[in-house]
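any chance you can model this:
(2 chains)
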There are 2 protein chains.
Amino acid sequence: MITRLEKLLYRLQSQHACLNWAFAEIKDKPGIVFELGLGLGRTFSHLRAYLPEREIYVFERQIHSYPDCTPEERQLVIGDLAETLPHMAARYAGKVCLVNSDVGSFDKEQNAVMAGIVSGAAGPALAPGAIITSDLPLDIPGTRPLPLPPGAHEERFYLYRKENGS
Amino acid sequence: MITRLEKLLYRLQSQHACLNWAFAEIKDKPGIVFELGLGLGRTFSHLRAYLPEREIYVFERQIHSYPDCTPEERQLVIGDLAETLPHMAARYAGKVCLVNSDVGSFDKEQNAVMAGIVSGAAGPALAPGAIITSDLPLDIPGTRPLPLPPGAHEERFYLYRKENGS
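Numbers count the residues shown, from 1 in each chain, chains lettered A, B, ... in the order given. Below is the predicted model of the structure:
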């Protein structure tokens, strides 16, 4: 049995571990960052703090983040992800080295829809070797799942890498 | 530097560690449980799961918890804590073995007000040896701070015990 408190705790522990692993992984690679889902802005504040030199684009429908966690205007991509992600993935084709996808909720059907949108649209954006961290399982063509780093809990967060191509 | 993601993560880790420590601590003691602040109901779901035999009263102004984390009508004390807590503390004087106080927000001034309300009103409810877990520092007469258990982070959560009296 897992309580909702533990569910959130394990998800955050996993996200924290996966992101910190990803920061080290992309350290010497060029590329920009996509954050899918801003929410209260906690993860954005983490990305901004640990990747101060990176260009970060944050996708959200409606902004309701903490004032000190709100991206600058130029970093925001506001709208429905089903429209904004394909557009931005084409615009930044092959240029994204890290995607953090955090678009799940407690609504299982909606989660399936969101996972489908990200899986279907994110691919073209990814640079070879790009890392994808996600709160939902994804199936982005050309990527493969990675084992989780220490501190992360199975099925609370997901990690993928874009193959180098052939 | 600590990011907002880490702030929440460390708070949850600390709360989880403190609560699990408290569950063991009160195991063989009679008494009821007060939960101050329901929020989304995550902590209530944790209390309910680990303390299935205990009477639990949950204090909240307005209910907006997940449906599967919503207390039963008879468990709810709805209203302003400044009014409901003194009333319930008198009604259950000396009968409460665990108080989980989770009434903080990102508003520092409001936090000082809430900590004052809990510090001033919870005391009479506490059984000798009762444990108080809190997201805000409290100063309840007759209690003393306890060292945090392993896994908890200093200043992310607080632990107190009611003295046995003299």
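
which positions in chain A make contact with chain B?
A:1, A:3-9, A:12-13, A:15-16, A:40-43, A:45-46, A:49-50, A:66, A:68-69, A:106 (CB under 8 Å from any CB of the partner chain). For every residue, glycine as well, the C-beta is placed using N, CA and C.

can you give me the strands for chain A?
A:32-36, A:56-60, A:76-78, A:96-101, A:126-134, A:143-145, A:158-162 (DSSP state E).

distance of A:M1 from B:I2?
A:M1 is 31 Å from B:I2, where distance means CB to CB, to the nearest Å.

okay, those two: which has more neighbours?
B:I2 (13 against 5; other CB atoms under 10 Å in any protein chain shown).

now chain A, which segments are flagged as low pLDDT?
A:165-166 (pLDDT under 70).

which residue would you name as the spatial centre of chain A?
A:N100 (1.2 Å; CA atoms, centre = their mean).

ok, now which ones touch that one?
A:L19, A:A22, A:V33, A:F34, A:E35, A:L36, A:T43, A:L47, A:I132, A:T133, A:S134 (CB atoms under 8 Å, 6 or more residues apart in numbering or on different chains).

try 6 Å
A:E35, A:T133 (CB atoms under 6 Å, 6 or more residues apart in numbering or on different chains).

now it: how far from A:A89?
Taking CB to CB, one finds A:N100 at 15 Å from A:A89.

which residue comes closest to A:M114 once chain neighbours are left out?
Spatially, and ignoring its direct neighbours in sequence, A:M114 is nearest to A:V103 (4.4 Å; CB to CB, 6 or more residues apart in numbering or on different chains).

counting by contacts, list what the longest helix along chain A packs against.
With secondary structure taken from DSSP state H, chain A has its longest helix at helix A:4-25. Counting contacts by 3 or more CB pairs under 6 Å, 6 or more residues apart in numbering or on different chains; DSSP states H and E, helix A:4-25 packs against strand A:126-134, helix B:4-25, helix B:42-50.

pull out the buried positions in it.
A:4-19, A:21-23, A:25 (16 or more other CB atoms under 10 Å in any protein chain shown).

among the strands of chain A, which is nearest B:L81?
strand A:56-60 (33.1 Å; CB to CB).

chain center to the closest one: distance?
10 Å (CA atoms, centre = their mean, to the nearest Å).

equivalent analysis for stretch A:62-80, please.
15 Å.

ok, stretch A:48-57 next?
13 Å.

now the terminal residues of that stretch, how far apart.
11 Å (CA to CA, to the nearest Å).
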